[in-house]
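Visitor: Could you look at this predicted model? Sequence included:
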Amino acid sequence: MTQSILSDMDSEGVNSISDTVEAMQVASVIEDTYYNIISARDIPEHRQLVKLVSLSDNTKPTHFTYPSNTRKLVELRYNVSATSVADYSIIEYVEPMVFLNRMQDGSTGTLMVPDASANTNLYIRTDVSPTYYTSFDDDHIVMNSYDASIETTLKNDKTRAFGYILPSFSQTDSFKPDLDDVMLPYLLAEAKSACFSLFKSGSDPKVEQSARRLKSYLQNDMFKTKKENERPNYGRR
């Protein structure tokens, strides 16, 4: 990509991105463009099963953290089975104030738990498996309960979560961006347009046209497996 952009800008050719300052600048623009693209879209390649990280702390038995590269959770399940036969139940997300409103403060069968960020007291049930969760700081996940007769804390190996991750980028010659092949031309076109604007004091009309066409095409063709058209349900089930 760096070589292609340098060639189109009629710049000095390189064998490695570290050969010239301009090549390193172009590589930096490619990285910035890459993160701009993946941050604004739910890209199929970045969907995967993720494993939450348990705090493994008896004083915070239902607390987890998101894996460091998680962008968004789509669904969360927990194995609520008391036997060797797994039973992954959906754990519903609720807004923080809904979570607080549902708490039974100090009632029998609850444990007072300090929140990980603000040290505010939360009352977690100890006699039933979790059914819903929230996050007060977008870093920690708190589930509403755990069954003390089964476990002393909720465990990360019993979670089954599905969501979107943020992959890393490396400015090395052998690195290939984590994008489907149909999206790589769009990344190249957008990066090329940015380089012309930054380093050549103006954009190229043909490059801009190519970037617009690829952007329009990708809106409906990012998935290898055909998806049904999504329609609003207007609250209907």
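Guide: Cool, got the structure.

Visitor: Could you report the pLDDT at K215?
Guide: What the model reports as pLDDT for K215 is 58.

Visitor: Repeat that for M103.
Guide: So M103 comes in at 90 (pLDDT).

Visitor: any idea which helix is longest in this structure?
Guide: helix 21-39 (DSSP state H).

Visitor: what's next to it, contact-wise?
Guide: For helix 21-39, contacts defined as CB atoms under 8 Å, 6 or more residues apart in numbering pick out 1-2, 5-6, 11-12, 14, 16-18, 43, 46, 71, 166-167, 169, 171, 177, 179, 183, 186-187, 190-191, 194-195, 198-199. C-beta: built from backbone N, CA, C; applies to glycine.

Visitor: Also stretch 156-168?
Guide: By CB under 8 Å, 6+ apart, stretch 156-168 touches 38-39, 42-43, 46-54, 64, 67, 69-79, 88, 178.

Visitor: Can you give me the end-to-end span of that stretch?
Guide: In terms of CA to CA, to the nearest Å, the two terminal residues of stretch 156-168 are separated by 23 Å.

Visitor: now that stretch, how far from the centre of its chain.
Guide: Centre-to-centre, stretch 156-168 and its host chain are 8 Å apart (CA atoms, centre = their mean, to the nearest Å).

Visitor: circling back: can you mark which positions in the longest helix of the chain are buried?
Guide: 22-24, 26-27, 29-31, 33-34, 37-38 (16 or more other CB atoms under 10 Å).

Visitor: Tell me which stretches of this protein form helices.
Guide: 2-8, 21-39, 96-102, 184-199, 205-218.

Visitor: Please render the ones you listed as JSON lines that adds distance to N144 to the earlier fields.
Guide: Below are the helices of the chain laid out as JSON lines (distance: least, CB to CB, whole Å):
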{"stretch": "helix 2-8", "distance to N144": "50"}
{"stretch": "helix 21-39", "distance to N144": "31"}
{"stretch": "helix 96-102", "distance to N144": "7"}
{"stretch": "helix 184-199", "distance to N144": "42"}
{"stretch": "helix 205-218", "distance to N144": "40"}
